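Visitor: I would like to see how this sequence folds:
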Amino acid sequence: MHELSIAYGIVDIVRQYVKGPELERVRSVRLKVGEHSGVVVDSLEFSYTAITADTELKESRLEIERIPFVIECRSCRKRSETERGVVVCPDCGSTETTVVSGTELQVLDIEISENGSEVQ
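Guide: From the prediction side, this is the model:
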């Protein structure tokens, strides 16, 4: 289950940018996760909750934006959202395609509360 090591990596990123007592004010960590990234979102959320349970980050949560798997056909130039991993153009049948999105795994921002209000 590599989601556990990804969750540890997310915590490391948070600790790199948020220091000391401010860690307790972290409310959310926003991520982009592509459908073809190999990440099981439920497992990632479970892992993050488990490893932050007894830490300053226990009140934080992951907010995950799921990115669809999209290809662009080099023959007909159309972009298509396809089933995960299918790289054949649904319009012209060409296999001359490029993956445009769906492989992302990225921390976008960390939201902290400051004196009772939310700040990003």
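
Visitor: Enumerate every residue touching the residue nearest to S60 when sequence neighbours are not counted.
Guide: Excluding the flanking residues, the one nearest S60 by C-beta to C-beta, 6 or more residues apart in numbering is V26, at 4.4 Å. Where C-beta positions appear, they are placed from N, C-alpha and C, glycine not excepted. V26 is in contact with V14, V18, E56, L57, E59, S60, I110, E111, I112, counting by C-beta atoms under 8 Å, 6 or more residues apart in numbering.

Visitor: P90 is in contact with S80, isn't it?
Guide: Yes - assessed by C-beta atoms under 8 Å, P90 is found in contact with S80 at 5.1 Å.

Visitor: gap between the two ends of stretch 39-59?
Guide: Taking C-alpha to C-alpha, to the nearest Å, the first and last residues of stretch 39-59 lie 23 Å apart.

Visitor: thinking again about what came up before, report the two of the contacts of V26 separated the most.
Guide: Spanning the widest gap among those are E56 and E111, at 14.9 Å by C-beta to C-beta.
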